[in-house]
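Sequence first, then the predicted structure:
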Amino acid sequence: MDVADLRHLFDYTEWANARTIDAAEQLSDEHLHRDFHISHNSIFETLLHMAGAEWIWLERWNGRSPAQDEAWSLWTVNACVDLAILKTRWTEVVERRTHYLSKLDEAKFNSELFFQLLNGDSSSMLLAHQMQHVVNHATLHRGQIVGMIRQLGIDPPSTDMIFYLRSDVSPK
């Protein structure tokens with residue numbers, strides 16, 4: 001995998017995340033916040049977790065490892081009280097990540113990047129693997145949200161990569 005492949009995966013992730021958020025915007029507050037007893041309880045809290053995780057990894061890629069207290073102060077239902085605020089914050093993360101990816105070269109992409117976990121422990125992984133994890137993490141949680149929407153008796157969005165590849169927005 002190279003940087004171009006990774007950029008393509010993030011393009012897909014952003015497309016699929018947008019479809020998922022669009023579907024969430026159509027739900028009542030009751031449905032959006034219903035506790036399904038899976039993932040991060042509700043559709044809203046799962047979306048919040050996804051956005052917060054993307055922010056944490058982007059901070060790490062920029063040389064700053066946020067502590068758990070900071071992450072929780074920004075990415076909780078108390079700090080992000082509705083979908084509009086969440087969407088605004090997440091859009092800022094995506095814009096910052098897009099800028100980061102536009103400047104990423106193969107050498108950095110394939111290098112070991114050290115960071116601290118939320119609990120303060122030291123860790124490291126290839127940047128490429130960290131980025132693959134972020135894409136995979138989003139896919140996992142979108143699947144859970146699709147399942148939650150189905151449980152509401154509503155047709156969920158199609159977020160599988162094949163639908164992105166067949167769409168007008170995917171590069172051919």
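Perfect, I can see it now.

for the top helix by length along the chain, which positions count as buried?
The single longest helix within the chain, with elements called by DSSP state H, is helix 127-151. Within helix 127-151, the residues scored as buried using 16 or more other CB atoms under 10 Å are 127-128, 130-132, 134-135, 137-139, 141-142, 144-146, 148-149. Any C-beta I mention is one placed from the backbone N, CA and C, and that applies to glycine too.

now the helices: where do they sit in the protein?
Defined through DSSP H, the helices belonging to the chain, from first to last, are 3-25, 29-32, 43-61, 68-74, 83-103, 106-109, 127-151, 161-166.

I'd assumed Phe115 was in contact with Ser65.
Yes: Ser65 sits in contact with Phe115 when judged by CB atoms under 8 Å, with a separation of 4.6 Å.

ok, back up a step: what packs against the longest helix of the chain?
For helix 127-151, the packing partners by 3 or more CB pairs under 8 Å, 6 or more residues apart in numbering; DSSP states H and E come out as helix 3-25, helix 43-61, helix 106-109, strand 112-116.

Low-confidence bits of the protein, can you list those?
Using pLDDT under 70 as the threshold, the predicted model of the chain has low-confidence ranges 172.

Distance from stretch 97-112 to the middle of the chain?
18 Å (CA atoms, centre = their mean, to the nearest Å).

Same check on stretch 91-110?
How far stretch 91-110 lies from its chain's middle: 14 Å, per CA atoms, centre = their mean.

Then stretch 129-148?
Shown here is stretch 129-148, whose average C-alpha point lies 7 Å from the average C-alpha point of the whole chain (CA atoms, centre = their mean).

Equivalent analysis for stretch 56-73, please.
Here the centre of stretch 56-73 is set off from its chain's centre by 14 Å, with CA atoms, centre = their mean.
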